[in-house]
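**Student:** The amino acid sequence is not available; the structure is as follows:
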Ligand SMILES: Cc1ncc(C[n+]2csc(CCOP(=O)(O)OP(=O)(O)O)c2C)c(N)n1
Ligand SMILES: Cc1ncc(C[n+]2csc(CCOP(=O)(O)OP(=O)(O)O)c2C)c(N)n1
Ligand code: SF4
Ligand code: SF4
Ligand code: SF4
Ligand code: SF4
Ligand code: SF4
Ligand code: SF4
Ligand SMILES: [Mg+2]
Ligand SMILES: [Mg+2]
């Protein structure tokens, strides 16, 4: 499946709250095994992002930029 | 008409507000021409009191005692 | 009606049955409120109710700041004269330490709806088992008749001299309706003292409120519309009519929240 | 879903269209609120709305005391950080002197429904043309999670350790419903930030509130339910669910008082 | 000569103060009735809208003072007022305005002199001070009103008029005119909503944290800066007045209306040959300590007359040339209503007390 | 030896104070969170109901203090507390309780020492005073807590504990036991609801008007009586402590936690041979003026160390033997959060300041 | 009259218009180019009881205190205070009594007593509320402190809109008061 | 160890359990009949950042100040503060480092440095949250200030109900810490 969207994830800002995981409609985010500098696990993106921005909308810590690939 | 009730009026306490006048159902109270020590006109009783206590109920200044003549 | 006057300077002969005395024995002396003021009537029915419920030696009143403040000297029940607006909080402290005593507040609209709005709402939502009595005359009577939070639109006061205007002065607040909407509240009603009938209905409301307290049902509030001819710039005889026209339209009388009926006696 | 990870450390190649940036440019830096806190999300949509309505150089915020207080340092609009509970009054003074500026408050439930309940009610009834934003998480987050006036029954807090009990701690107050019942009020709504959908709906509410203010229609209030996992003693991931179950039942979402529809655009 | 030629208008003190405030540029007023402040509120509710300003019937003192703080933060000349309990409720916000440096004027139309500590020591929170002027009569109150708006803006903080029922309710003929006090710094601190999005948007905050992109000093430095500002004000803004102190062996210290009575009595006693003088702090804070020290240098007795249990006494003790010479001759004296002075504020009574104390042996 | 044999319990200061209050008979507490007072509120919300009392999560400070006033008026031992802004909001009611003579204890768990004026001069309204104790450490705070309930009832009025974050949040081993302070007068003034209908029903009222059938003194006499009571308290309740003042040429005056630091430093300096002593007011009001005068009689320098811009200084200036010997060596020093002391509260820094000032020439 | 300032106190009870009389006097004097002060003895809020007004008039800025140590004249409007012979009235001072209701025998020997049956005269004028203006007219006539025209102008400007209709009778009362003491004049 | 009171400061960041370690130490000492004080460096409300705890233990009532002018030992739990070589550590004082994440090279010359790979050991124990207790066990072992049993009892009583399940692993961590420094003992 060709992803319709993708993310830039500023993992160092993440506080590991996992709100994005539940918010992602296609469920393409999972939490990392590793921790960031502050000691938090952070989201990682799998294939299938739709660029819907739900993750960015719910994230309290401004971790995401969302990109969409125009389907023209 | 034999009055069914009557009053004692403590005219010196009256402040002349006339609330009793409007409250008396048979309309047997009128304001005096004279004034009391404090300079207020006060109610006077005419025949026909029913002893209903309305005047006493509305009077802010505790001017009335009401008596009823039992109709036995 | 004859022009003849009936003598009224002493008890009748032959003796009649006294059915209403000058004032309840709990009123210790004269007040100095204005002619036609409604507040002394409210005081009388409140004290009569305490007597009828046999609460005289089992009650504490908490009195706010307004013309009724001078009742502290003449009401023969224990009283804490508290700070302006704070009666519900003081009553809370008292009731928690004296749960068996009937605790009530006596407050004006300035006291309860201006300075102490948050106290009464919080106390009500807390379900505090006390009774608040609001004497609402739509003005700060005691300071000379300025606009309060309950002044109705169009009413002239010393600080809304052309009449209260919604754009400039905002809208009146119906505190009893707010309180009635809260959980924790057992009974809320609004009465008045403009006519003999309304006085008697209001007295029954006060009684119901105390009964709710005695039954441990929670917070109760009785708002009483009272005439303030001085603050309204009307003649004392016109007080009740002004009240009916200007205030009762905005603040309709009646029960706003009823307690579960469990009395057999009325 | 493949196990393969998509690289997310830099913008995509070939280039995609950026549809959402990390944060609006009006957020000047990082906040130090807890993981999973709902307040930063509310801040973001508020600031986005100011940008969308072109109010950035025409707005003043009045911020109360709570965890959101630290936003003063990172929100790039003019701010008066006021005393606990007093934001609506400060906003009144500001708006009366700067009627052309968009004036809003940012307050928590402790700030608005405890300390400053009377300020918001009076300001609303006065029809003051300002917008109040309430971040309701049912606790004093900033002081460590004690019971507020909006804590729902059964909720455990540091001062209701066995859960809020109506008899001991009283009932919660739905301030938005009270405000919605007042004359002088143009718009009241309750949103939340637990899901992407509720965030977007809440943002629309904020917009509607500001539109009401810009149209001079009077007071507007948007209550936003926000997660406080720390104060609720739940894990951050459980915040939205706890909120839906415990709070949204007591505080249902939606418009509580709508302004006359006159927009053609949405 | 008629009123038109003399320029005198017979006005109640409260109205004169209100008109003076409007002349000083006051455009926002919010207050809550409390005698004897009520008269000022009533006047402003009529006169301020007519002058293009806003007067709000604040629903309580706390709301009123915070409205004034908000208005003041926009750079408008704003005021509120009350007395006694009402001022007590305002203490938190008065301190806030002092510490976040928002100008405003607080008209404390007190019921008596029992609120000297309240006015001079605040009781809000933190290290703050408020310039407090105590006029002796209505003409001076009219002048002080304008001065207070000036000082509030000059030093950026709340200033207080300590009045009383005599100042509020007496009527006298007054001249009303705008007084100029000189240049003021630009109001670049005022919130007007225009600096959003700049990375340096304005902020008014007692903690003075600034923005992430433009950090402020934070509370430690800010509160030290504010304390230093108050030290400077303490140096520069002391005001006092005295009479016959040069050769006096007894100096009577008093403030406000009481000082007018003392001055009257001392004039009388001087005419009778007594070596008595008087000293009046005009600013209660900053207290004119050095002037008091100078005025009492030659005195064998320093009598303190105030209508309270002895509050200014604390300041006199700090500064009178010789502490052991101080005698308190004032006292609590309250009208039966609780709303005004009692019988001690009366020239014959004051005369008696001064004479009795002056007759006692010196140190 | 174990905790059981030593009788020590490791407790956070706030909890120790709370337990001590309960031992003193406190049965009503109402408070509103504010750091560092919050810890006491949280403790009371758990411990007081368990002890048969009532703790209310007051919806605001104003409500909390008025609840405590109501509870106190029934004769119950009642308390509230807060700090800074929260205490500012309580000033009206604290004054009310002082003037209508209702006992209650106010736990001012302050963030720093910048609220000395607030505690000692009140800022409520009228001529009132509040006995204010400033413990130097937790064991003393535990004792003071009980003393304050005793004094509140003995003198019928609010009493204040002036604490700070160190007292609230530090944990130490404490002994908890009920302390007896002797007989108290009967609580015949307490409202219990039973005197209605007697013509003499009880009344609590700052105006003290009494009943029509049993008139009270009214405000003039009542407020003079209350002022006289405070004069008596000022005589009898002064408490202070000092060390090495007999032969000291420098005496350092400080209060509360800061005094514990000063004492520590002075011990060190004495051991090194410096002729330095210390003086600590334990009651901030009544200020122990005569004791300070005596302690500073032989000193060439009187150093005042307080963590504020100079507030106790006003009291030291009134009483130090020689006013010209006074030097202020304290200052504002605040943690970056605004919620606790800054770096000046530190033994090495205090040592430096004392040594620098002691090295300066005397008078 | 002692010194360049004249002090007069008016005694009455609330509702008698004492404050209005005092204001009229002070305003008339101000309008006439004099310096005036009016101090009211207030107190309770909205309560009955005594109502006094003190007025001081002078040619130069006043040094008078708002609580007068001594007065040159007293106007006593109500019998409730007939017992009050103002202690502070200077020997030889003017004591102007509403003799319709105040008993002159209570007045001291040392004062110059003038009796005007103000209530009776006002009732005759058909304006019982105007008794105070009769006394004021008499006072002005006796002392010459203010002239009739300034009094009328001041009185008129002080009436609230809904009492404007009283202006004419009040003016007549002022005139009648002055007439009643015509000849008894001379400064106090 | 200087004098009859021993002062130790524990450095970490919020969430590492620094306060719990400090409380355990102080409570164990109290339970063992000693006098103890625990001072926390709080500040912000609910914010992240540094978290320190100072503990003083003595045989008699303490004269220590709640802000310590000097300490006898320091426990450094987190690399975020590896730069912090406590200025106030007395010369010769004990510097106990969590060498899993703290770089020992930053430590000064004048101190007696002991390294314990606490995070690594805790992970091995299957209880990553227990690294602090490993350090505490090591500290107790090194100084002999408190014995193992009192530490375990104190730790157990301090756990909130919903963390009781950690008691056993925490106890194991205390023991492992002590074992790691066995032989390195002797008073500080
Ligand atoms: C804190 C405070 N502010 C103001 C006052 C002044 N004050 C006394 S009575 C009163 C008016 C009360 O009005 P209301 O409660 O409506 O009573 P009313 O006189 O109308 O019966 C006010 C504002 C006060 N006593 N305390
Ligand atoms: C007068 C006053 N009382 C108490 C406080 C302490 N205080 C600071 S923040 C806060 C809690 C605010 O709770 P809320 O508004 O709900 O915000 P949250 O932290 O939950 O976001 C309190 C009580 C204060 N700053 N001022
Ligand atoms: S943009 Fe939408 S689909 Fe893509 S990761 Fe975020 S939530 Fe999932
Ligand atoms: S919502 Fe944001 S902070 Fe939370 S886990 Fe996802 S990226 Fe991290
Ligand atoms: S008792 Fe009734 S009938 Fe008789 S006078 Fe009174 S109101 Fe009239
Ligand atoms: S109601 Fe009472 S006070 Fe009023 S006129 Fe009648 S008797 Fe007099
Ligand atoms: S002012 Fe109004 S409320 Fe007060 S006594 Fe007069 S009529 Fe009654
Ligand atoms: S305590 Fe609650 S409201 Fe405060 S930052 Fe943490 S999660 Fe957010
Ligand atoms: Mg009213
Ligand atoms: Mg909250």
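**Tutor:** Here it is on my side, so go on. Because the structure is predicted, anything quoted here is derived from the model rather than measured. Ligands and ions are numbered 1, 2, ... in the order given.
**Student:** how about the nearest residue to residue C:169 once chain neighbours are set aside, what does it touch?
**Tutor:** Leaving aside its sequence neighbours, residue C:169 sits nearest to residue C:160 (Cβ to Cβ, 6 or more residues apart in numbering or on different chains; 5.2 Å). C-beta coordinates here come from the backbone N, C-alpha and C atoms, glycine included. Listed by Cβ atoms under 8 Å, 6 or more residues apart in numbering or on different chains, the contact set of residue C:160 reads C:147, C:151, C:168-169, E:45, E:57.
**Student:** Can you list which of these are found in strands?
**Tutor:** C:147, E:57 (DSSP state E).
**Student:** could you pull out the strands for the stretch 201-350 of chain E?
**Tutor:** With DSSP state E, counting those that start in this stretch as the criterion, the stretch 201-350 of chain E has strands at E:203-204, E:210-211, E:214-215, E:240-243, E:250-253, E:276-281, E:283-285, E:301-304, E:326-328.
**Student:** Export the ones you listed to TSV and append columns for distance to chain D.
**Tutor:** Shown next, in TSV, are the strands of the stretch 201-350 of chain E (distance: least, Cβ to the nearest Cβ, whole Å):
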stretch	distance to chain D
strand E:203-204	5
strand E:210-211	6
strand E:214-215	8
strand E:240-243	34
strand E:250-253	36
strand E:276-281	31
strand E:283-285	22
strand E:301-304	36
strand E:326-328	37
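**Student:** residue of chain A with the smallest distance to ligand 5?
**Tutor:** Closest approach between chain A and ligand 5, counting by Cβ to the nearest ligand atom: residue A:60, at 71.2 Å.
**Student:** What is the burial count for that residue?
**Tutor:** By the criterion of other Cβ atoms under 10 Å in any protein chain shown, residue A:60 has 28 neighbours.
**Student:** For ligand 3, see how far away it is.
**Tutor:** 15 Å (Cβ to the nearest ligand atom, to the nearest Å).
**Student:** got the contact list for that residue?
**Tutor:** Residues in contact with residue A:60 (Cβ under 8 Å, 6+ apart) are A:15, A:17, A:19, D:33, D:35-41.
**Student:** low pLDDT regions in chain A?
**Tutor:** Within chain A, the segments meeting pLDDT under 70 span A:1-2, A:71-72.
**Student:** Return the set of buried residues in the helix or strand bottoming out on mean pLDDT in chain E.
**Tutor:** Least confident helix or strand, chain E: helix E:3-6 with a mean of 75, by mean pLDDT, DSSP states H and E. Buried residues in helix E:3-6, counted by 16 or more other Cβ atoms under 10 Å in any protein chain shown: E:3, E:6.
**Student:** quick one: that helix near chain G?
**Tutor:** Yes - counting by Cβ under 8 Å from any Cβ of the partner chain, chain G is contacted by helix E:3-6 at E:3, E:5-6.
**Student:** how about the helix or strand following that helix, does it reach chain G?
**Tutor:** Downstream of helix E:3-6, the first helix or strand assigned by DSSP states H and E is strand E:9-12. Yes - Strand E:9-12 is in contact with chain G by Cβ under 8 Å from any Cβ, via E:9-10.
**Student:** so how far is strand E:9-12 off the chain centroid?
**Tutor:** Centroid separation between strand E:9-12 and its chain, computed with Cα atoms, centre = their mean, to the nearest Å, is 22 Å.
**Student:** Look up how far residue E:16 lies from residue E:143.
**Tutor:** According to Cβ to Cβ, to the nearest Å, residue E:143 stands 10 Å off from residue E:16.
**Student:** Okay, and residue E:173 sits in which element?
**Tutor:** Assigned by DSSP H and E, residue E:173 belongs to strand E:171-174.
**Student:** sorry, back to before: so which of the contacts of residue A:60 comes closest to ligand 9?
**Tutor:** Nearest to ligand 9 out of these is residue D:39 (Cβ to the ion; 40.7 Å).
**Student:** show me where chain A has helices.
**Tutor:** A:19-23, A:54-58 (DSSP state H).
**Student:** Export these to a markdown table and append columns for mean neighbour count and distance to ligand 7.
**Tutor:** As requested, those are exported to a markdown table (neighbours: other Cβ atoms under 10 Å in any protein chain shown; distance: least, Cβ to the nearest ligand atom, whole Å):
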| stretch | mean neighbour count | distance to ligand 7 |
| --- | --- | --- |
| helix A:19-23 | 23 | 57 |
| helix A:54-58 | 25 | 56 |
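**Student:** Show me the one of the ones you listed that comes nearest chain E.
**Tutor:** Among those, helix A:54-58 comes nearest to chain E, with 20.7 Å by Cβ to the nearest Cβ.
**Student:** Where does pLDDT dip in chain G?
**Tutor:** Counting by pLDDT under 70, chain G contains low-confidence residues at G:1-3, G:15, G:42-49, G:79-86, G:105-108, G:185-188.
**Student:** Pick out the residue nearest the middle of it.
**Tutor:** Residue closest to the mean C-alpha point of chain G, counted by Cα atoms, centre = their mean, is residue G:136 at 4.5 Å.
**Student:** just wondering, since we're on that one, how far is it from residue G:180?
**Tutor:** In terms of Cβ to Cβ, residue G:136 sits 12 Å off from residue G:180.
**Student:** Repeat that for residue G:97.
**Tutor:** For residue G:97 relative to residue G:180 (Cβ to Cβ), the value is 12 Å.
**Student:** Mutual contacts of these two, please.
**Tutor:** The contact sets of residue G:97 and residue G:180 overlap at residue G:116 (Cβ under 8 Å, 6+ apart).
**Student:** quick one: which of the two has more around it?
**Tutor:** Each of residue G:97 and residue G:180 has its neighbours counted (other Cβ under 10 Å); residue G:97 has more, 25 against 21.
**Student:** Now the one helix or strand the more buried one maps to: buried residues?
**Tutor:** According to DSSP H and E, residue G:97 maps onto strand G:89-98. Neighbour-count burial for strand G:89-98, with 16+ other Cβ under 10 Å as criterion, is recorded at G:89-90, G:93-98.
**Student:** about what we covered before: let me know the closest of the residues of helix E:3-6 next to chain G to ligand 5.
**Tutor:** Of the residues of helix E:3-6 next to chain G, the one sitting nearest to ligand 5 (Cβ to the nearest ligand atom) turns out to be residue E:3, at 55.1 Å.
**Student:** Surely that closest one and residue E:9 touch.
**Tutor:** Yes - taking Cβ atoms under 8 Å as the definition, residue E:3 is a contact partner of residue E:9 at 6.8 Å.
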